[in-house]
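**Student:** Need a 3D model of the following:
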Amino acid sequence: MNCKKTVVQVRDLAFDYHGTQALRGVSFRIEHGERVGLIGPNGAGKSTLLLHLNGLLVGKGELEIDGRVLEKKDMDRVREKVGLVFSDPEDQLFMPTLLEDVAFGPLNMGLDHEKAMDRAKAALEQMRLGDFKERSSHHLSDGERRKAAICTVLSMQPSVWALDEPAANLDPRSRRELIELLKNLPGTVIVASHDLDMVAQVCNRCIVMDAGQVVADGPGEKILSDSRLMELHGLEVPLRIELDQCRKGKEQDE
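**Tutor:** Predicted coordinates for the structure are as follows:
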């Protein structure tokens, strides 16, 4: 008997940009606590799908968050539950100081100033950015801005995380730090990324999209190690999985 709770349910979701079909009947479900990699080539519909998860885009079909069908009247509630981290941190960092950036969400949720600031400070400390709270985001490195963008969502305490290309343009150290952060985020995590090595380390499940459709869905290692599937959809088996396969092959030959 499966007692896990379904937190995201997508049924036959479709969306078009001015006549160009971006999503074509997308359906899947995600249970509480899952780490899901959303992978596919450019133009597959990954970012468009993430924007639907907290109501920034609304297409045809049905989307449930925590068992409730997403409707216009529920947008504020959904945005408290689903925290979206954009691919460009600058889309989330626009206040004079980092502390104000991170407190912005809780304040808009209706928390009083003191509680919002407490949440913001706690989030910054958790991401090891507490010493930078009075800085502008323009004075942070790319890795620090990425973590700051995550802080703006962490302070809202979402139950579902939706992250779009979180590892883009990071140096190796910042990327390693990000991977550890993603592994330890609370709740359910959905990561759209071309960094399949990062996905292999963070996610226990992968959904492959191409041309606005789900073309494969299954355990992360099984999906990412399927060279035919990867090649068919413009992807590559992550190097760490290839090396692991080679190692296992040598052990079997001995």
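
**Student:** All the helices of the stretch 51-200 of the chain, in order from the start?
**Tutor:** 75-81, 98-108, 113-126, 142-154, 172-184, 196-202 (DSSP state H, counting those that start in this stretch).

**Student:** will you turn those into CSV that also has distance to Arg228 and mean neighbour count?
**Tutor:** All C-beta spots, glycine's among them, are computed from the backbone N, C-alpha and C. Listed next are those as CSV, based on distance: least, C-beta to C-beta, whole Å; neighbours: other C-beta atoms under 10 Å:
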stretch, distance to Arg228, mean neighbour count
helix 75-81, 37, 17
helix 98-108, 43, 22
helix 113-126, 41, 18
helix 142-154, 33, 23
helix 172-184, 27, 15
helix 196-202, 15, 22
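
**Student:** rank those by mean pLDDT and give me the bottom one.
**Tutor:** The weakest mean pLDDT among the helices of the stretch 51-200 of the chain belongs to helix 75-81, with a mean of 80.

**Student:** Just the C-alphas of that helix, formatted as PDB.
**Tutor:** The C-alpha trace of helix 75-81 is given here as PDB (Å, rounded to 0.1, in the frame of the first residue of the first chain):
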ATOM      1  CA  MET A  75      -2.900  31.700  -6.800                       C
ATOM      2  CA  ASP A  76      -1.700  33.300  -3.500                       C
ATOM      3  CA  ARG A  77      -2.000  30.000  -1.600                       C
ATOM      4  CA  VAL A  78      -0.300  28.100  -4.400                       C
ATOM      5  CA  ARG A  79       2.600  30.500  -4.500                       C
ATOM      6  CA  GLU A  80       3.200  30.000  -0.800                       C
ATOM      7  CA  LYS A  81       3.300  26.200  -1.300                       C
END
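
**Student:** same for it, what does it pack against?
**Tutor:** With contacts taken as 3 or more C-beta pairs under 8 Å, 6 or more residues apart in numbering; DSSP states H and E, helix 75-81 sits against no other helix or strand.

**Student:** Can you tell me which residue is spatially central in this structure?
**Tutor:** Leu163 (2.2 Å; C-alpha atoms, centre = their mean).

**Student:** how about CSV for the helices of the stretch 51-200 of the chain, with distance to Ile39 added?
**Tutor:** CSV is the format used below for these (distance: least, C-beta to C-beta, whole Å):
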stretch, distance to Ile39
helix 75-81, 24
helix 98-108, 28
helix 113-126, 28
helix 142-154, 19
helix 172-184, 15
helix 196-202, 6
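
**Student:** To Leu38, which of the ones you listed lies closest?
**Tutor:** When those are compared by C-beta to C-beta, helix 196-202 sits nearest Leu38, at 8.7 Å.

**Student:** residues in contact with that closest one?
**Tutor:** Contacts to helix 196-202, defined as C-beta atoms under 8 Å, 6 or more residues apart in numbering, come from residues 35, 37, 39, 167, 175, 178-179, 182-183, 189, 191, 193, 206, 220-221, 224, 235-241.

**Student:** switch the cut-off to 7 Å
**Tutor:** Helix 196-202 is contacted from outside by 35, 37, 39, 167, 179, 182-183, 191, 193, 206, 220, 224, 235-236, 238-241, using C-beta atoms under 7 Å, 6 or more residues apart in numbering.

**Student:** which residues does Glu177 contact?
**Tutor:** Gly143.

**Student:** Repeat the analysis, applying 8 Å as the threshold.
**Tutor:** Per C-beta under 8 Å, 6+ apart, neighbours of Glu177: 143, 147.

**Student:** Skipping adjacent residues, who's closest to the residue nearest to the centre of the chain in space?
**Tutor:** Val85 (4.4 Å; C-beta to C-beta, 6 or more residues apart in numbering).

**Student:** roughly how far apart are that neighbour and Asp112?
**Tutor:** Taking C-beta to C-beta, to the nearest Å as the measure, Val85 and Asp112 are separated by 25 Å.
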